[in-house]
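S.K.: Sharing a sequence plus its predicted fold:
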Amino acid sequence: MTRRLVLVRHGQTAWNALWKAQGHADISLDDTGRAQARAAAPYLADMKPAVIWSSDLSRARETAEIVAAVAGVPVRYDARLREYDVGVRSGLTTAEFAEKYPAEHAAWLVNDESLLVEGEESSSQVRARVLPALQEILAGLDAEQTALVVMHGACLKVGLSALLGWPREVSATVRGMENCAWAVLGEHPEKGDLRLVSYNETAAVGLHPDRASGGDFPAGEAVG
């Protein structure tokens, strides 16, 4: 076995359930989110992680700590793993976003980042902080070790796509992951590059809304 990164989206929050953009707002897990984390924990622990890394925001921290209690490994925190900062869009539903910022919303629908709301990060800015963090985590592993990384929906997909060298056009075709779902990236045993082994795996059957909180649209996934 080669080195692996397991990228985990945090459990559900009340804002996820209401489709409110979270960004850097420090929203805790709700009861469903905690149940999702408890359900996922044994499966993630079975991957025998050497370490668990997490965003420092509460919803990711709590998810990581629930998993760590089962896996018996420490949690380390890195603010570079935070979700997109959505600026003044934080706390707004998509409908409220469209009503309050119609021009920015129209641009968001077609993945045009030339027009962002005040304080909002672009995908390139998120990539510039998330990719080095993930690369450092991978570099810190010994041969055959696994790291779990608890993150947020939109920044997770940005980081995964960057690690795999996917252009934005390819990344845009991939739906966001459900709350408390995970993706596994493993090194090719001969070539050494990272390969996507699985995506949107989840143990929390029956604990998710009908659609993944955060939606299927890349820009729209910046809800946290």
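M.R.: Now that the structure is in, tell me what you want to look at. Numbers count the residues shown, from 1 in each chain.
S.K.: next SSE after the least confident helix or strand in the chain by mean pLDDT?
M.R.: The element with the least model confidence among the helices and strands of the chain, by mean pLDDT, DSSP states H and E, is helix 168-171, at a mean of 87. Remark: after helix 168-171, the chain's next helix or strand is strand 182-187, criterion DSSP states H and E.
S.K.: Just after that next one, pick out the following helix or strand.
M.R.: strand 194-201.
S.K.: quick one: the residue minimising distance to the centre of the chain and residue 144, what's the gap?
M.R.: By CA atoms, centre = their mean, the chain has its centre lying nearest to residue 152, at 2.8 Å. With distances taken as CB to CB, to the nearest Å, residue 152 is found 28 Å from residue 144. In short, each C-beta sits where N, CA and C put it, glycine included.
S.K.: Equivalent analysis for residue 50, please.
M.R.: Residue 50 is 9 Å from residue 144, where distance means CB to CB.
S.K.: How about residue 97?
M.R.: Noted for residue 97: a distance of 45 Å to residue 144, by CB to CB.
S.K.: Between the two, tell me which one has more neighbours.
M.R.: Higher neighbour count among residue 97 and residue 144: residue 97, with 21 against 12, using other CB atoms under 10 Å.
S.K.: Which neighbouring elements make contact with the strand or helix carrying the more buried one?
M.R.: Assessed by DSSP H and E, residue 97 sits inside helix 94-100. Helices and strands touching helix 94-100, by 3 or more CB pairs under 8 Å, 6 or more residues apart in numbering; DSSP states H and E, are helix 102-109.
S.K.: Check which helices and strands the helix it packs on sits against.
M.R.: Partner elements for helix 102-109 (3+ CB pairs under 8 Å, 6+ apart): helix 94-100.
S.K.: Now the helix it packs on: buried residues?
M.R.: Using 16 or more other CB atoms under 10 Å as the test for burial, helix 94-100 gives 94, 97.
S.K.: do the same with stretch 49-60
M.R.: Of the residues in stretch 49-60, 49, 50, 51, 52, 53, 54, 55, 57, 59, 60 count as buried by neighbour count, 16+ other CB under 10 Å.
S.K.: The closest residue to the fifth one other than its chain neighbours: helix or strand, and which one exactly?
M.R.: For residue 53, ignoring the flanking residues on the chain, the nearest one in space by CB to CB, 6 or more residues apart in numbering is residue 149 at 4.7 Å. Mapping residue 149 onto the secondary structure by DSSP H and E places it in strand 146-151.
S.K.: Does anything pack onto that strand? Which helices or strands?
M.R.: strand 4-9, strand 51-54, helix 58-71, helix 123-139.
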